[in-house]
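Undergrad: With the sequence up front, the predicted model follows.
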Amino acid sequence: KASQEAEKRGWHLYLVGGAVRDLLLAEEASGTLLIKDIDLVVDGFHKTAEVGAGVELAKALQQLYPTARLEIHGAFQTAALLWHKDPELDSLWVDIATARTEFYPYPAANPEVEASSIRQDLYRRDFTINAMALRLTPPRAGELLDFFGGLLDLQAKQIRVLHANSFIEDPTRIYRGVRFAMRLGFHLEPQTEEYIRYAITSGVYDRTTRENSKTPALQTRLKTELKHILEAPYWKPALQLLGDLGALQCIHPTLKIDEELLGQLRLLERCLRRFDSQQTLIHWQMRLEALIAHLAAEYRGHVAKNLQLPEDSINRLYCIAQHQQKVNKNISSLEAEGGVDEVRPSQIEQLLRQYDVPMLILIAVQSSRGVRRKIWQYLTVWRNIQPILNGNDLRKLGYKPGPQYRQMLDDLLAATLDGVVCNRDEAEEFLAK
Ligand code: ATP
């Protein structure tokens, strides 16, 4: 239908980007493919008035498929049709753009748009394997447009960039390159790897890490790429490769992968597996927070803010150093007072209850084994223990309601945690004393 509508208007329509890549890969592997993201490009007109062709086509299609939701992104002359949980289509996202080239007013800025041909549209893309198009309109519908050798690179299993300046223009492409290499089991073509190293040496990260940057869109894209990588099963080797390329400097110039960081990430994984099998925490974000927490204290909050992490995460990273110091100091002094094995669970509970779970996990992975074990015990056992009686019980037992209830319940909780009180009778006796 889309190609009919385009043809009616004398336009060409192409399937481009990831869907073409994945179709060709599935064909080679004789596999099946479920595409949920379709990128279409309209081309073949000459009047500037038609730069809105993509939007017009999307509107026409929406008339034909009223269950689709239409979104128009004016500045970029693109439109999207979304089917959410349509019984036949499940969820499907179709982006329709007008063929365009992008010129960068200064490197790594947000692309500005002007109408252009399909070849130029493909040339502005990141890698050869993502820069192929499949013509959908006659004549020659079904023809593959492969100006840059994408098919050969697919067969050679390599990620090759289209031009030398690509990573300077947009450093987030380094992360995309690593992501595609890991996801598809490909390697970075040697010249492409050299371009990456050159971009890093020439300080391209300066633009992604600069505070109050003029290009917040770049940081948004970096965060999106980090999310894709850190939530994928290949996140560890991807991080390792980013580290080897020096590309973690795009997060902060001092960020490096070392044994200490790898150890902390291992502990974090163990912790998330054990304490959060229900995935109530956002695992990719915890990994990113652990990376950021590996930086010197004075950088952490700024980096989190720069990457536009949520408010609670930014706050955590601003103050983790201070809280970690406090937790470590207090646990050490409790151990010094009564001996390592004499610290009571209630003392640890009182110390740790003020922190949220992600904060405790981050503190734990950065602390000594002794402190870590206390935090683990708190998270797995002590945090879940409730006082044996509640406010209602206190009232029934004849205690006059008032602010003293809180203290009584706190004392009771401490006694329960420390094993002094194990049942209701003992609890009532404890309160009576
Ligand atoms: P995925 O399967 O992960 O969605 P995709 O190739 O569809 O892969 P998208 O991020 O959806 O990736 O991007 C769609 C297309 O837009 C890409 O195939 C690529 O051609 C182009 N593209 C996306 N981001 C960039 C970028 N930073 N620079 C150049 N081209 C890009």
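TA: Nice, thanks for sending it over.

Undergrad: can you list the residues of the protein near the ligand?
TA: Within the chain, the residues that sit near the ligand (Cβ under 6 Å from any ligand atom) are 17, 18, 37, 39, 125, 126, 130, 131, 170, 172, 173, 176. In this view, the C-beta of every residue, glycine as well, is placed from N, C-alpha and C.

Undergrad: Which member of these is positioned nearest the ligand?
TA: Taking Cβ to the nearest ligand atom as the measure, residue 18 is the one of the residues of the chain next to the ligand closest to the ligand, at 2.4 Å.

Undergrad: any idea how far residue 373 is from the closest one?
TA: Going from residue 18 to residue 373 by Cβ to Cβ, to the nearest Å gives 46 Å.

Undergrad: Next, count neighbours for the closest residue to residue 344 other than its chain neighbours.
TA: Nearest residue to residue 344, sequence neighbours excluded (Cβ to Cβ, 6 or more residues apart in numbering): residue 418, at 4.9 Å. Around residue 418 sit 13 other residues, with neighbours defined as other Cβ atoms under 10 Å.

Undergrad: and residue 418, what pLDDT?
TA: What the model reports as pLDDT for residue 418 is 85.

Undergrad: on that earlier part again, the residues of the chain next to the ligand: which two are farthest apart?
TA: For the residues of the chain next to the ligand, the farthest-apart pair by Cβ to Cβ is 37 and 170; their separation is 19.9 Å.

Undergrad: Comparing those two, which residue is more hemmed in?
TA: Under the neighbour definition other Cβ under 10 Å, residue 37 and residue 170 were set side by side, and residue 170 has more, 26 against 13.

Undergrad: Residue of the stretch 251-400 of the chain closest to the ligand, please.
TA: For the stretch 251-400 of the chain, Cβ to the nearest ligand atom, closest residue to the ligand: residue 284, 14.7 Å.

Undergrad: before we move on, back to that, just to check, the residue nearest to residue 344 is in contact with residue 349?
TA: No: contact criterion Cβ atoms under 8 Å: residue 418 and residue 349 do not qualify, at 9.5 Å.

Undergrad: which residues sit in contact with whichever residue of the stretch 201-350 of the chain sits closest to the ligand?
TA: Residue nearest to the ligand within the stretch 201-350 of the chain: residue 221 (6.3 Å; Cβ to the nearest ligand atom). Contact analysis of residue 221 by Cβ atoms under 8 Å, 6 or more residues apart in numbering lists 170, 172.

Undergrad: now with 7 Å?
TA: Residues near residue 221 by Cβ atoms under 7 Å, 6 or more residues apart in numbering: residue 172.

Undergrad: Now it: which helix or strand?
TA: Per DSSP states H and E: residue 221 is located in helix 216-230.

Undergrad: Can you give me the buried ones in the helix or strand immediately after that helix in the chain?
TA: Sequence-wise, the next helix or strand downstream of helix 216-230 (DSSP H and E) is helix 235-245. Residues of helix 235-245 classed as buried by neighbour count (16 or more other Cβ atoms under 10 Å): 235, 236, 238, 239, 241, 242, 243, 245.

Undergrad: Not counting residues beside it along the chain, what's closest to the second one?
TA: Looking back up the chat, that one is residue 236. Leaving aside its sequence neighbours, residue 236 sits nearest to residue 265 (Cβ to Cβ, 6+ apart; 7.4 Å).
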